[in-house]
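In: Following is a predicted model, sequence given first.
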Number of protein chains: 2
Amino acid sequence: MLKGIEHVALAVHDLEEAIVDLESAWGLRVAARERVEDQGVEEAVLPLGGSSLQLIAPLNSGSTVARFLERRGEGLHHIALEVHDLRAALALLKERGVRLIDEEPRQGGRGHLVAFVHPDAGHGVLIELVQRSGSSAS
Amino acid sequence: MLKGIEHVALAVHDLEEAIVDLESAWGLRVAARERVEDQGVEEAVLPLGGSSLQLIAPLNSGSTVARFLERRGEGLHHIALEVHDLRAALALLKERGVRLIDEEPRQGGRGHLVAFVHPDAGHGVLIELVQRSGSSAS
């Protein structure tokens, strides 16, 4: 079902500051940047090997990421796992009794289809499933 | 400096239970298991694409992972980034003013050389640098 780690997401207060820090300390470079209104975040993607680090900062104080920052401070927010066929993966997980946040795929950043699995199902880890755009599962 | 994400580590209370959960829900399989006395943990590695998920459980109540679990509960603990040459990476990071926990490489699991970077330098994220065993930097 799983192809690999698509990205690891870090919640930060200030996107600009975090980008400068990651670029200057680690030599990473931002390859994509996007506001994902649906999730109330602005994100920046920094490729790393076959995967990426993703920085996410809240667009407003009501977003779940704003609440995360308030509660826990900056740090690891979620991991995104790539699947071939998101709809099939969600059906299989449901059949296995895994608690889902999204039972249907929805639109994520960069045109990808995404769905979130409940942290209860991942020993406290918020897991995002990603079917990359252009990776048709027909 | 960075080759990719070597693993993402999840802190759990009960290693056996977490292994069963990850194997049955996600179809992952444990490829290696080891007690790392130096870090006070028992770890299990579940390969995922070119990277891995790592489960870590405390060996005793004094370990840093036990304190993490007490403070934050189960969840994402650190990310490990692979480097070609750990000693060179540490020198470069130090030169760039990045706060390190380990200024010298030390022995990690699976024969790898590892060093930890302070979470202050990673916007709250504990970063482990890994030079895989057999990946000589000479």
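Out: Perfect, thanks for sending it.
In: ok, which stretches of chain A are helices?
Out: A:15-26, A:64-72, A:86-95 (DSSP state H).
In: Of those, which is nearest B:Val20?
Out: helix A:86-95 (15.7 Å; C-beta to C-beta). Using the backbone N, CA and C atoms, a C-beta is placed for each residue, glycine as well.
In: From the chain's centroid, how far away is that closest one?
Out: Relative to its parent chain, helix A:86-95 has a centroid offset of 18 Å by C-alpha atoms, centre = their mean, to the nearest Å.
In: Show me which residues of chain A are close to chain B?
Out: Contact residues, chain A versus chain B (C-beta under 8 Å from any C-beta of the partner chain): A:1-5, A:8, A:10, A:12, A:18, A:21, A:24-28, A:48-51, A:72-76, A:78-79, A:81-82, A:93, A:96, A:98, A:119, A:121-125.
In: Okay, and which of those residues map to strands?
Out: A:2-5, A:8, A:10, A:48, A:51, A:75-76, A:78-79, A:81-82 (DSSP state E).
In: circling back: how about the helices of chain A, which one is nearest B:Gly40?
Out: helix A:64-72 (23.0 Å).
In: That closest one vs strand B:75-83, what angle?
Out: 100 degrees (axes from the mean of the first three to the mean of the last three C-alpha atoms, to 10 degrees).
In: Touching helix A:64-72 from outside, list them.
Out: The contact list for helix A:64-72 (C-beta atoms under 8 Å, 6 or more residues apart in numbering or on different chains) reads A:11-13, A:39-41, A:56-58, A:60, A:77, B:72.
In: ok so, going back, adding mean pLDDT as columns, could you present the helices of chain A in JSON lines?
Out: Output for the helices of chain A, formatted as JSON lines (pLDDT from 0 to 100):
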{"stretch": "helix A:15-26", "mean pLDDT": "95"}
{"stretch": "helix A:64-72", "mean pLDDT": "95"}
{"stretch": "helix A:86-95", "mean pLDDT": "97"}
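In: Present these as CSV; the columns should include mean neighbour count.
Out: As requested, the helices of chain A are exported to CSV (neighbours: other C-beta atoms under 10 Å in any protein chain shown):
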stretch, mean neighbour count
helix A:15-26, 17
helix A:64-72, 15
helix A:86-95, 16
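In: Okay, now the unreliable bits of chain A?
Out: Along chain A, segments meeting pLDDT under 70 span A:135-138.
In: partners of the residue lying closest to A:Leu81 once chain neighbours are set aside in the sheet?
Out: Spatial nearest neighbour of A:Leu81, chain neighbours left out: A:Leu2 (5.2 Å); criterion: C-beta to C-beta, 6 or more residues apart in numbering or on different chains. Per DSSP bridges, the residues bridged to A:Leu2 are A:Val83.
In: what's the most distant pair in the ones in strands among the residues of chain A next to chain B?
Out: Among these, the pair separated by the greatest distance (C-beta to C-beta) is A:Lys3 and A:Gly75, at 25.6 Å.
In: Compare those two and say which is more crowded by neighbours.
Out: Higher neighbour count among A:Lys3 and A:Gly75: A:Gly75, with 19 against 16, using other C-beta atoms under 10 Å in any protein chain shown.
In: mind listing what A:Val30 touches?
Out: By C-beta under 8 Å, 6+ apart, the contact set of A:Val30 is A:19, A:23, A:44-46.
In: Run through the residues that contact the closest residue to it other than its chain neighbours.
Out: Excluding the flanking residues, the one nearest A:Val30 by C-beta to C-beta, 6+ apart is A:Ala44, at 4.9 Å. Applying C-beta under 8 Å, 6+ apart, we find A:Ala44 in contact with A:15, A:18-19, A:30, A:32-33, A:54-55.
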